[in-house]
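[1] my questions concern the predicted model and sequence given below.
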Amino acid sequence: MILGIRLLIPTLLFTIGHAVAGDISVEDYDRASWHPIHTKPAIDNAEDEQCLGCHQEILNRRVLQQSPAGVKATEVLAWYQTLSTYEGEQETFHRRHLVTPMAKELMDLKCNTCHQGNDLREEATIPPEHSNRDKTLRKSVNPEVCLMCHGANPYELMGLPMPWSESRGLFQNDCLLCHANIRTNRHQVNYLKAKAIEVAAKKDPDVCYGCHGGRQWYRIGYPYPRHAWKGMSSNTPEWAKDRPTESEPRFRIKTQQASK
């Protein structure tokens, strides 16, 4: 009986929480935390304007002009500034992905591209003696989303003798020297601007390398789906036999989903 009650309490709290969160404008963190927009299925259709209505600080926040050690931001390069495609001064994480010139030109990231919601019943407040005023809603992100643009350069799979940073001279520093005719069906996902990427890549190869090894966070590369392209061989390489042939449904462009 006791076990049954213990299992029932979280469900009741979850239901009550959703019921009282009808008005997200209420300045009550606990009530707002339980708003349905923070969980599935509502978060799948959430618009950026809805998210930023409460989380505008992620775009308003700016980097420190000077580090605690006294180093000025204008006198050093951040790791993301080392490629020629980045323009301007240092920026915060969210601003680099949403509002910087490169983000607007080549990307079409939304809040729910990365944030897919979470269950407050599985979150922990640390330390437990904190008051509700200090409680934080920790938004989890699947690292695979980051890996899609911050993985290692899989030069071995492409038959390159060395990483692109070392072998680029052998290929005239031009990714399209090979890829103009190989794997031409690319970037057809709703968080990238495919046409803009192709145009920009012809002007600066760092546009390609930036997301395919140039801004590497991980030691592994992302196993991109192998969308069929014109002239594609019917024989699948051994390393690609487990690769998907379609992007995840939530990343597909609406016209692609309609044709399925």
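    Okay, I see it.
[2] thought residue 250 was touching residue 44, still the case?
    Yes - using CB atoms under 8 Å, residue 44 and residue 250 qualify as a contacting pair, with a distance of 6.9 Å. In short, each C-beta sits where N, CA and C put it, glycine included.
[3] intersection of neighbour lists for the two?
    By CB atoms under 8 Å, 6 or more residues apart in numbering, residue 44 and residue 250 have no common neighbours.
[4] comparing the two, which residue is more hemmed in?
    For residue 44 versus residue 250, the count of surrounding residues by other CB atoms under 10 Å is larger for residue 250: 13 against 10.
[5] and the more buried one, how far from residue 154?
    Between residue 250 and residue 154 the distance, using CB to CB, to the nearest Å, works out to 24 Å.
[6] same thing with residue 202?
    Relative to residue 154, residue 202 is positioned 22 Å away (criterion: CB to CB).
[7] again, but for residue 54
    In terms of CB to CB, residue 54 sits 39 Å off from residue 154.
[8] tell me which of the two has more neighbours.
    Using other CB under 10 Å, the more surrounded residue of residue 54 and residue 154 is residue 154, with 18 against 13.
[9] that one reaches residue 221, doesn't it?
    Yes - contact between residue 154 and residue 221 holds when scored by CB under 8 Å: they sit 3.9 Å apart.
[10] can you map out the strands along the stretch 51-200 of the chain?
    For the stretch 51-200 of the chain, applying DSSP state E, counting those that start in this stretch gives no strands.
[11] pLDDT on stretch 175-183, on average?
    Average pLDDT, stretch 175-183: 91.
[12] show me what counts as buried in it.
    By neighbour count on 16 or more other CB atoms under 10 Å, the buried set for stretch 175-183 is 175-176.
[13] quick check, distance from it to the centre of its chain.
    25 Å (CA atoms, centre = their mean, to the nearest Å).
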